[in-house]
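[1] Please find the sequence and the predicted model below.
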Amino acid sequence: MAYIDGFVCAVPAANKDAYLKVVVAAAPLYKEFGATRYVENWGEDVPEGKITDLRRAVKAQPDEAIVFSWVEYPDKATRDEANEKAFSDPRMQALGEQIPFDGKRMIYGGFVPSFHAQGEGKAGYVDGSLVPVPNGNKEAYQAIASRFAAVLQAHGALRVGDAWGDAIPDGVVTDFKGAVKATGDEQVVFAWVEWPSKEARDAGWGKAMSDPRMHSDAVPYDESRRAFGGFVPLLDETFATGAKG
């Protein structure tokens, strides 16, 4: 079963080129370690929320942009092995010393994904979000997420992903659970929608929100604590075989 590592961090806007340089250098290492895809997205439209939002999730400063990224693996065992290699590999350690942001405020974790895909090509725009869902509502959430994904794809989305939290560590400064103020009986879902372009995204959401399938009397989670934003892809590398080496 596929597995992903999800990340959200705050990067000084002035360090965008430096950040891109590091992630481009990291991509072949992720491939070597067995990843099947590596995606980095730069915040373009990250709204302020009433209860929480992605900026508060990573305690972003006014001059910082939000990055929403993930690494896909064929299974959890490959992911675990990859992380062990990354922590001990001098090349990855050297890149870690070059990261142009405050790593203590980065939130990360492991998730079990469900992918809904259609069409080909790399995304030109990505909607990313974090959602707190009661553990007892997992099946209800996945059912409604699949329905929403079908609607979004009918109106132009290339791919939709929603990933259920599996290995979400507690952070010293912040973490995924704190990002959405998750309670003890809630899990965090890392979700995204990939569009051909921002124009397609804007038009697609307009059509989707007028589609009756997108509306329900009740959703099995607290929508007011969803943290979300719109992102421009910085890097999208697919390693077709996921082969190591």
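    Yes, it's here.

[2] Low-confidence bits of this protein, can you list those?
    241-245 (pLDDT under 70).

[3] show me where it has helices.
    16-32, 54-57, 76-88, 90-96, 138-154, 176-179, 198-209 (DSSP state H).

[4] what angle do the fifth one and helix 198-209 make?
    Okay, so that is helix 138-154. Between the axes of helix 138-154 and helix 198-209, defined by axes from the mean of the first three to the mean of the last three CA atoms, to 10 degrees, the angle is 120 degrees.

[5] Which strands or helices does helix 138-154 pack on?
    strand 107-117, strand 159-167, strand 186-195, helix 198-209 (3 or more CB pairs under 8 Å, 6 or more residues apart in numbering; DSSP states H and E). Every C-beta, even on glycine, is put in place using the N, C-alpha and C of the backbone.

[6] Figure out which of these is closest to Pro134.
    strand 186-195 (5.4 Å; CB to CB).

[7] re earlier: for the helices and strands packed on helix 138-154, which one ends up most surrounded?
    strand 186-195 (a mean of 24; mean count of other CB atoms under 10 Å).

[8] buried stuff in stretch 39-58?
    For stretch 39-58, a neighbour-count test (16 or more other CB atoms under 10 Å) marks 39-43, 46, 49, 52-58 as buried.

[9] so which of these comes closest to Gly110?
    For these, the nearest to Gly110 is Val39 (15.7 Å; CB to CB).

[10] Enumerate every residue touching the closest one.
    Neighbouring residues of Val39 by CB atoms under 8 Å, 6 or more residues apart in numbering: Ser69, Trp70, Val71, Glu72, Val126, Pro233, Leu235, Asp236, Glu237.

[11] Let's see that with 10 Å instead.
    4, 23, 68-72, 122-123, 126, 128, 161, 192, 194, 231, 233-238 (CB atoms under 10 Å, 6 or more residues apart in numbering).

[12] Among those residues, name the buried ones.
    4, 23, 68-72, 123, 126, 128, 161, 192, 194, 231, 233-237.

[13] From those residues, which land in strands?
    4, 68-72, 126, 128, 161, 192, 194, 231, 233-237 (DSSP state E).

[14] List the contacts of stretch 198-216.
    44-45, 123-127, 144, 147-148, 150-158, 193-197, 230-232.

[15] give me that answer again for 7 Å
    Gly124, Tyr125, Asp127, Ile144, Arg147, Phe148, Val151, Leu152, His155, Gly156, Ala157, Trp195 (CB atoms under 7 Å, 6 or more residues apart in numbering).

[16] likewise stretch 168-182?
    Contacts of stretch 168-182 (CB under 7 Å, 6+ apart): 51-52, 57-59, 104-105, 107, 109, 130-132, 165, 188, 225, 227.

[17] again, 6 Å this time
    Thr52, Ala57, Lys59, Lys104, Arg105, Ile107, Gly109, Leu130, Pro132, Val188, Arg225, Ala227 (CB atoms under 6 Å, 6 or more residues apart in numbering).
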